[in-house]
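[1] Quick one: sequence plus predicted model below, questions after.
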Amino acid sequence: VTRAISHHRMSDIYKKNGMNVSKPSYNMAFFGNPGTAKTTCARLIGKIFYKEGIIKSPKMMEITRENLCGGYVGQTAIKTKELLNEVKSGVIFIDEAYSLSYSGNSGDYGNEAINELVAAMDSRKDVVFIFAGYKNEMRRFIESNPGLSSRVPNNIEFSDYTKEELMTMLTDKFNTQGFVLDDKVSEYFSDKIENDMNDSHFGNGRYIRTMVEQSILEHSVRLNIKGEYNIKDINTITEEDVPDMVKLAKDKSPVGFGL
């Protein structure tokens, strides 16, 4: 982003000094697991580029394979062109872009879409294309088409969050809504994050958002049923408000014949 802004600001200087410097490609590929803020960063880049005058519109179109691919050969090219024509300037964000290069019965449809995207990158100088998806799949996707690799030179890797970052995120999400965590709950969340982050399908930021939302829902149900509460009850998340903790508490009885 800094390189793009610097080049754009210097473009007029180059021109005034008789230099004919071409505009570089700002197209990007984001490599990262779910919940690592790829979509959020794409939106921020669109706003920054618009503010700096790199693009003339703050519009961002978020699309997936489903938006681009048709039901039969030939339809995809038309569908993709029509969709791309909606954005004259701005950011086009293609999430799970690697799904376009899947092999199989519908592989040709994805390739049709890729060909149209490659052509659009040549003609739409006021549009920034950002492709996003899982690390390994995205690398294979970019390398699968010479037209893509040459037109998407800015590859950015989004690392998974650390346990400490995830705990900070969780605490901040509660605090900004006025909640505090009692010690038992804070310790439980810390242990749970450390355990769950080893799962191959771990959702990073989305995982944290879900835990916060579910706990607040349980908290509201508990207080609504209780009917009487003080300010500490209202703003404190306890073990009764964490679904997994409640479930674990109920599962402590020994297994057996009614024991």
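    Done, it's in.

[2] and stretch 193-205, how far apart are its ends?
    11 Å (CA to CA, to the nearest Å).

[3] what does it rub up against?
    Identification of contacts with stretch 193-205 by CB atoms under 8 Å, 6 or more residues apart in numbering yields 33-37, 160-161, 163, 166-167, 169-170, 207-208, 210. Where C-beta positions appear, they are placed from N, C-alpha and C, glycine not excepted.

[4] what do you get if the cut-off is 6 Å, keeping everything else the same?
    34-36, 160-161, 163, 166 (CB atoms under 6 Å, 6 or more residues apart in numbering).

[5] where in the protein is pLDDT low?
    Within the chain, the stretches with pLDDT under 70 are 102-108, 246-259.

[6] residue boundaries of the strands in it?
    Secondary structure of the chain (DSSP state E): strands located at 28-32, 60-63, 90-95, 127-133, 154-158, 180-181, 236-237.

[7] Which of those strands has the highest mean neighbour count?
    Most buried of the strands of the chain by mean neighbour count (mean count of other CB atoms under 10 Å) is strand 127-133; its value is a mean of 25.

[8] Just give me how far it sits from the chain centre.
    Centroid separation for strand 127-133 versus its chain: 12 Å, with CA atoms, centre = their mean, to the nearest Å.

[9] from now on call the first residue 18
    With 18 as the first residue, the last one maps to strand 144-150.

[10] Walk me through which strands it pairs with, and which way each runs.
    Next to strand 144-150 in the sheet, as set by DSSP bridges, lie strand 45-49 (parallel), strand 107-112 (parallel).

[11] so the shortest one versus strand 171-175, what angle?
    Angle between the axes of strand 45-49 and strand 171-175 is 20 degrees (criterion: axes from the mean of the first three to the mean of the last three CA atoms, to 10 degrees).

[12] out of the strands paired with strand 144-150, which comes closest to Tyr151?
    When these are compared by CB to CB, strand 45-49 sits nearest Tyr151, at 7.5 Å.

[13] tell me the contacts of Phe110?
    59, 79, 147.

[14] Can you mark which positions in the helix of greatest length in the chain are buried?
    The residue-count maximum for a helix in the chain (DSSP state H) belongs to helix 222-243. By neighbour count with 16 or more other CB atoms under 10 Å, helix 222-243 contains the buried residues 222, 224-225, 228-229, 232-233, 235-236.

[15] Let me know the closest of these to Met36.
    So of those, ranked by how close each gets to Met36 (CB to CB), first place is Gly222, at 43.2 Å.

[16] The closest one and Pro163, how far apart?
    Using CB to CB, to the nearest Å, Gly222 is found at 34 Å from Pro163.

[17] Around Gly195, count how many other residues there are.
    Gly195 is flanked by 8 other residues according to other CB atoms under 10 Å.

[18] nope, Lys76 is what I meant
    Going by other CB under 10 Å, the residues that sit close to Lys76 add up to 16.

[19] still on that earlier bit, which member of the contacts of Phe110 is positioned nearest Pro41?
    Ile147 (15.3 Å).

[20] Quickly list what that closest one is bridged to.
    Beta-bridge partners, per DSSP bridges, of Ile147: Met45, Phe110.
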